[in-house]
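1. below is the structure, and that's it, no one-letter string:
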């Protein structure tokens, strides 16, 4: 149970004069940076890569500069490796990633559907960030009566409106855009060998991993709808989580993107008639798994909210949806300031329908509500575009015959992307991954 340390162990350029055993070893972990002076910010600008931005040739030209900058970095690292065995192995892996990035760019330049899907994926990310900056940075949920103005722009106005709160337009970090580009061939080419790979996105917390895989998800959603107009429905993407608390937080982030994707679908003619949706597949202790139990929970909630003696602010939503993830209006709210009772943005007939209570919101009940599926019975009968769940639900698949619809829904294509987030939280007999 001992390790070792040595003189100047944090200064690699200095040779040690002594080495000794220690019970508490230390190691100097170098900080990671996404900054680079080889790629102009204009190239990484998300809006420029979206359908609001540059023409096709300009986008492809800029993407090639990213691949060239990466190759230049690889060559520099190769010269610095001085023939080190492990360094050379890593250089070979980097060259393979560079090949995949170049292939992704090539496909974007040659395949119209792929390019449109890439642009709309960036559009979805941009609109989602726009809405989040506009509505989510000041307050944790608004009562309906607190806002009377528009809660979203007209679709084409996002192209010209300044980014909210005086912030600059968002940009990709180089590793995020590179990850998106390297994943494209495995979706576009039916027999691409990259389909056999498991890509590991490894970066410190807060570095932008979630945005990267959500952008890949958006690309796949739009690609399927452009390329397979009669087979795009059903589950496209499975996102697995380990911790229920963490999954609820990340579900909200993913929902923001899905709402942006659905907003785009509503304004495009060639993205199909079925809604782009997301489902939260989680244990019965967190969300009712059957419609009957959901009705019971819903009825009890309404009884409390209709009791004038009950403080609606203390109400707990049994369906884990606190705010509309498009405009940040509360799901349980007073409609008018003088109201003595609260309303809730859920309605149950044959299935649970959630909606925003604010009539100005794009996802108000009169406009079709929120494309969110929360109850197991609904998930099996109306498989969502993105299935978001915890690992325990997937472990129980063998005992749920009705869950086959998640993988084989009518004549549609099967799920094409599986994301295991927070991989290091998975524990096994040999410890944490």
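-> Looks like it arrived, so ask away. Keep in mind that this is a model prediction, so the values were computed, not measured.
2. hmm, residue 250 and residue 241 touching each other?
-> Yes - if you go by C-beta atoms under 8 Å, residue 241 and residue 250 touch, sitting 6.4 Å apart. In short, each C-beta sits where N, CA and C put it, glycine included.
3. counting neighbours, go ahead and name the busier of these two.
-> Neighbour totals were compared for residue 241 and residue 250, and residue 241 leads with 23 against 18 (other C-beta atoms under 10 Å).
4. residue ranges of the helices in this structure, please?
-> Listed in chain order, the helices of the chain (DSSP state H) span 41-44, 46-49, 56-80, 85-110, 112-135, 174-188, 209-227, 244-265, 291-305, 376-381, 391-395.
5. may I see those arranged in a markdown table, with distance to residue 195 and mean pLDDT as well?
-> Converted to a markdown table, the helices of the chain look like this (distance: least, C-beta to C-beta, whole Å; pLDDT from 0 to 100):
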| stretch | distance to residue 195 | mean pLDDT |
| --- | --- | --- |
| helix 41-44 | 28 | 93 |
| helix 46-49 | 25 | 97 |
| helix 56-80 | 22 | 94 |
| helix 85-110 | 12 | 96 |
| helix 112-135 | 16 | 98 |
| helix 174-188 | 5 | 97 |
| helix 209-227 | 12 | 97 |
| helix 244-265 | 23 | 88 |
| helix 291-305 | 37 | 91 |
| helix 376-381 | 26 | 95 |
| helix 391-395 | 20 | 81 |
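6. what's the neighbour count on residue 289?
-> Neighbours of residue 289 (other C-beta under 10 Å): 19.
7. quick one, what contacts the nearest residue to it once chain neighbours are set aside?
-> Leaving aside its chain neighbours, residue 289 sits nearest to residue 376 (4.0 Å; criterion: C-beta to C-beta, 6 or more residues apart in numbering). Contacts for residue 376 (C-beta atoms under 8 Å, 6 or more residues apart in numbering) come out as 281, 289-290.
8. and residue 307, how many neighbours?
-> Residues contacting residue 307 under the criterion other C-beta under 10 Å number 13.
9. list the residues that contact it.
-> Applying C-beta under 8 Å, 6+ apart to residue 307 gives the contacts residue 341.
10. quick one, phi psi at it?
-> Main-chain dihedrals, residue 307, degrees, to the nearest 10: phi -90, psi 110.
11. just checking, residue 355 touches residue 364?
-> Yes - taking C-beta under 8 Å as the definition, residue 355 is a contact partner of residue 364 at 6.1 Å.
12. just to revisit the earlier point, overlap in contacts of residue 241 and residue 250?
-> Contacts common to residue 241 and residue 250, judged by C-beta under 8 Å, 6+ apart, are 388, 421.
13. related to what we said a few turns ago, so which of the helices of the chain is nearest residue 8?
-> Nearest to residue 8, of all the helices of the chain, is helix 56-80, at 20.8 Å by C-beta to C-beta.
14. and stretch 317-335, how far from the chain's centre?
-> From the chain centre to the centre of stretch 317-335 is a distance of 20 Å (C-alpha atoms, centre = their mean, to the nearest Å).
15. buried sites along it?
-> Residues of stretch 317-335 classed as buried: 317-334 (neighbour count, 16 or more other C-beta atoms under 10 Å).
16. return the subset of these lying in strands.
-> Among the buried residues of stretch 317-335, the members found in strands (DSSP state E) are 332-333.
17. which positions within stretch 211-219 qualify as buried?
-> For stretch 211-219, using 16+ other C-beta under 10 Å, the buried residues are 211-219.
18. nope, stretch 218-234 is what I meant
-> Residues 218-227, 232-234 are the ones in stretch 218-234 that count as buried (16+ other C-beta under 10 Å).
19. likewise stretch 349-366?
-> For stretch 349-366, the neighbour count (16+ other C-beta under 10 Å) marks 352-358, 361-365 as buried.
20. repeat that for stretch 381-399.
-> Neighbour-count burial for stretch 381-399, with 16+ other C-beta under 10 Å as criterion, is recorded at 382-390, 393-394.
21. got a markdown table for those, with distance to residue 159 too?
-> Listed next are the buried residues of stretch 381-399 as a markdown table, based on distance: C-beta to C-beta, whole Å:
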| residue | distance to residue 159 |
| --- | --- |
| 382 | 33 |
| 383 | 33 |
| 384 | 29 |
| 385 | 25 |
| 386 | 26 |
| 387 | 32 |
| 388 | 30 |
| 389 | 36 |
| 390 | 38 |
| 393 | 40 |
| 394 | 40 |
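22. and residue 130, how many residues sit next to it?
-> Residue 130 is flanked by 21 other residues according to other C-beta under 10 Å.
23. wait, doesn't it sit right on residue 160?
-> No - counting by C-beta under 8 Å, residue 130 stays clear of residue 160, with 12.0 Å between them.
24. show the pLDDT at the residue lying closest to residue 414 once chain neighbours are set aside.
-> In this structure, residue 414 finds its nearest non-sequential neighbour in residue 407, 5.8 Å apart by C-beta to C-beta, 6+ apart. Predicted confidence (pLDDT) for residue 407: 93.
25. and residue 407, how far from residue 233?
-> 13 Å (C-beta to C-beta, to the nearest Å).
26. sorry, back to before: dump the helices of the chain into a markdown table; add distance to residue 141 as well.
-> Converted to a markdown table, these look like this (distance: least, C-beta to C-beta, whole Å):
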| stretch | distance to residue 141 |
| --- | --- |
| helix 41-44 | 32 |
| helix 46-49 | 27 |
| helix 56-80 | 37 |
| helix 85-110 | 39 |
| helix 112-135 | 10 |
| helix 174-188 | 29 |
| helix 209-227 | 21 |
| helix 244-265 | 12 |
| helix 291-305 | 16 |
| helix 376-381 | 25 |
| helix 391-395 | 28 |
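27. can you say which of these is nearest to residue 16?
-> So among the helices of the chain, helix 85-110 is nearest, using C-beta to C-beta, at 20.9 Å.
28. so which elements touch that closest one?
-> Packing partners of helix 85-110 (3 or more C-beta pairs under 8 Å, 6 or more residues apart in numbering; DSSP states H and E): helix 56-80, helix 112-135, helix 174-188.
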